[in-house]
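In: what would the 3D arrangement of this be:
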Amino acid sequence: MKSERTLWNLFLTFFKIGAFTFGGGLAMMPVMRREVVDQKHWVNNDDIFKILTISESTPGVFAVNSATFIGYKIAGFKGSLIATLGVVLPSFMLISLLSLFIIEFKEIRLVGYAFEGIKAGVAILILGAGLRLARKIRFTRFVTIVFVLALLATIFTSVSPIYLLLSGALLGILYSMIINYGEAKRDA
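Out: Got it, this is the predicted structure:
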């Protein structure tokens, strides 16, 4: 019985997250964090940071990856399936409904203005999530240099975020190898 209640709770929580979050993954983070950390206590802030890192660096949609990860942590395979279904279903239902009226819907000026307002709100949600994540980073000289380079590449070029993530990972590996080599040489 508890298992069914847990699965239902997972479904409803992720259905709500999927239904009331516009703008995709990073815009979803504050809502997801409030639901799964503050209210449900399923994961902690460190888990959210790990989920963000894993979900952003694996193929697929952030919301689906996050729901799958948390669902699995709470209730195994069934939990991952139910949480993923919950987060995807609202968008699927809305897109299915909108597809019936898309031509007429696009021509309504008020709808266009509403979406412009939603875009501004999403930008603020993403900024807030980024600032919260930045507080978790220990800004050493190396991390600051990589951060500034990635920021400049993002602003001034059209380099794919995937290449930035891979470059950051490779730089981190090379940096740790150099540091470890230097320490091993000193100890010898």
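In: all contacts plus neighbour counts: C-alpha atoms, from now on.
Out: Will do.
In: counting contacts, what elements does the helix or strand containing Ala75 pack onto?
Out: Following DSSP states H and E, one finds Ala75 within helix 62-106. With contacts defined as 3 or more C-alpha pairs under 8 Å, 6 or more residues apart in numbering; DSSP states H and E, the secondary structure elements packing on helix 62-106 are helix 2-19, helix 25-33, helix 45-57.
In: quick one: name whatever helix or strand follows it.
Out: As assigned by DSSP H and E, the chain's next helix or strand after helix 62-106 is helix 109-134.
In: now the angle between helix 45-57 and the helix holding Ala75, please.
Out: Angle, helix 62-106 to helix 45-57, by axes from the mean of the first three to the mean of the last three C-alpha atoms, to 10 degrees: 60 degrees.
In: could you tell me how far helix 62-106 lies from the centre of the chain?
Out: Relative to its chain's centre, helix 62-106 lies at 14 Å (C-alpha atoms, centre = their mean, to the nearest Å).
In: please apply the same query to stretch 151-160.
Out: With C-alpha atoms, centre = their mean, you get 20 Å for stretch 151-160.
In: give me the contact list for that stretch.
Out: For stretch 151-160, the surrounding residues in contact (C-alpha atoms under 8 Å, 6 or more residues apart in numbering) are Pro161.
In: mind doing that once more with 7 Å?
Out: Stretch 151-160 has contacts (C-alpha atoms under 7 Å, 6 or more residues apart in numbering) with no other residue.
In: then stretch 62-76?
Out: Contact with stretch 62-76 is made by 10, 14, 25, 42, 51, 55-56, 79-81, 83-84, 87, as judged by C-alpha under 7 Å, 6+ apart.
In: for stretch 165-176, list the C-alpha coordinates in CSV.
Out: The C-alpha trace of stretch 165-176 is given here as CSV (Å, rounded to 0.1, in the frame of the first residue of the first chain):
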residue,chain,number,x,y,z
LEU,A,165,31.0,21.0,-21.1
LEU,A,166,33.5,18.6,-22.7
SER,A,167,36.2,21.3,-22.8
GLY,A,168,35.6,22.1,-19.1
ALA,A,169,35.8,18.4,-18.2
LEU,A,170,39.0,17.9,-20.2
LEU,A,171,40.6,21.0,-18.7
GLY,A,172,39.6,19.7,-15.2
ILE,A,173,41.1,16.3,-15.8
LEU,A,174,44.3,17.9,-17.2
TYR,A,175,44.6,20.3,-14.3
SER,A,176,44.2,17.6,-11.7
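In: give me the buried positions along that stretch.
Out: For stretch 165-176, a neighbour-count test (16 or more other C-alpha atoms under 10 Å) marks Gly168 as buried.
In: now that stretch: how far from the chain's centre is it?
Out: Distance of stretch 165-176 from its chain centroid, counting by C-alpha atoms, centre = their mean, is 21 Å.
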